[in-house]
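K.L.:
mind looking at a prediction? Sequence and model below.
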Amino acid sequence: MNKNLLSIEDVSADDIAAFFATATEMHDVQNRSVKKLPALRGRTVVNLFFEDSTRTRSSFEIAGKWLSADVINVSAKGSSVSKGESLRDTVLTVAAMGVDGLVIRHMASGAAKQVSEWTDAVVINAGDGTHEHPTQALLDAYTLQRRLGSLEGRHVVIVGDLTHSRVFRSNVLCLAKLGAEVTVVAPPTLMPSGIVAWSKDAGFATSYDFDDVLPKADAVMMLRVQRERMNGAYFPSAREYTVGYGLTRDRLAVLKPDAPICHPGPMNRGLEIAADAADAAQSAVLDQVSAGVAIRMSVLYHLLAGEGGQA
Ligand code: NCD
């Protein structure tokens, strides 16, 4: 296993199996009344978040705390970043305090890798621009595997704003390593350039036609329309997007009744996903959130509980 978790590209199928096995044990801890393991006692983890986050930041914090690590949160708003400090200076400053792990979210693709070159601390990528979000892909696949059993040969359909999605990029890599068949669906304007060559390389299919793919899906993953990353109009109107690419009530009726519905959150209800779909019995959205804690406990455990830790 690599020292850092920067990209799913660096994670092998065996690593994924190891992360999932530990996550299953951690999931049991979540259901206890006293949720504390001593594994990371004496270790310090800093969550360095340069972009907004609810789930990812708080689940890394909970995960670290349940493993008895000391967890500190630094966000761009409220830190010296807003005074103009460079990323390198911020990282060196935090690292000089003697931290063991740095969980970083940043708007620049490649930021986590860059940070790992500046510090000896373990670096975990919690989302770098439109590049990757490896723990999200791990928790998504873990959630699907708990619902469906082995993902070998299962058809996962990923729909939405692919151009701006790091979740999609990590997911196609992760799902391929688990043997799933993946089709990604988006309007032409939100299909990343170069995707045809990449999809051939990585072994996934692309489509502009959600209705054609939907009945064949064993699971659907809806992605948020990331308006904050758009500087222009990518579709004529919200209504038009929903008609072509939303998981509407009508489409829900076509989806296999046991196919999990995933969404990494935050959801735009009524745009990419209807309330009926988000709250359906087959929705896995809240399972993803609780799996997020278990997966992050597992990742922190594997990367930080080794030498010098008290595992
Ligand atoms: C995603 C992200 O930040 O990349 N959310 C998350 O981590 N749960 C997806 C998104 O913002 O749409």
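P.N.:
Thanks, I have it.

K.L.:
and the residue in the chain that the ligand sits nearest to, which of the three is it?
P.N.:
Closest contact between the chain and the ligand, by CB to the nearest ligand atom, is at Arg224 (3.4 Å). Quick note: C-beta positions are derived from backbone N, CA and C, even for glycine. Here Arg224 is recorded as coil under DSSP: H, G, I helix; E, B strand; the rest coil.

K.L.:
again with the one 10 residues further on
P.N.:
With three-state DSSP as the basis, Tyr234 sits in coil.

K.L.:
show me the contacts for the residue of the chain closest to the ligand.
P.N.:
Counting by CB atoms under 8 Å, 6 or more residues apart in numbering, Arg224 makes contact with Gly160, Asp161, Ser165, His263, Pro264, Gly265, Pro266, Met267, Asn268, Glu272.

K.L.:
the same query, at a cut-off of 6 Å, please.
P.N.:
Asn268 (CB atoms under 6 Å, 6 or more residues apart in numbering).

K.L.:
cool, Ile8 as well?
P.N.:
Counted by CB under 6 Å, 6+ apart, Ile8 has contacts Pro134, Ala137, Ser170, Leu173, Cys174.

K.L.:
find the nearest non-adjacent residue to it, please.
P.N.:
Leaving aside its sequence neighbours, Ile8 sits nearest to Leu173 (CB to CB, 6 or more residues apart in numbering; 4.1 Å).

K.L.:
number of nearby residues for the one you found?
P.N.:
Leu173: 20 surrounding residues under other CB atoms under 10 Å.

K.L.:
same check on Lys77?
P.N.:
9.

K.L.:
with Thr119 instead?
P.N.:
The number of residues near Thr119, taken as other CB under 10 Å, comes to 17.

K.L.:
quick one: secondary structure of it?
P.N.:
Going by three-state DSSP: Thr119 is coil.

K.L.:
how close does the residue of the chain closest to the ligand get to Arg147?
P.N.:
Distance, Arg224 to Arg147, using CB to CB, to the nearest Å: 21 Å.

K.L.:
again with Cys174
P.N.:
For Cys174, the distance to Arg147 - CB to CB - is 16 Å.

K.L.:
the two: which has the busier surroundings?
P.N.:
Neighbour count, other CB under 10 Å: between Cys174 and Arg147, Cys174 has more, with 26 against 16.
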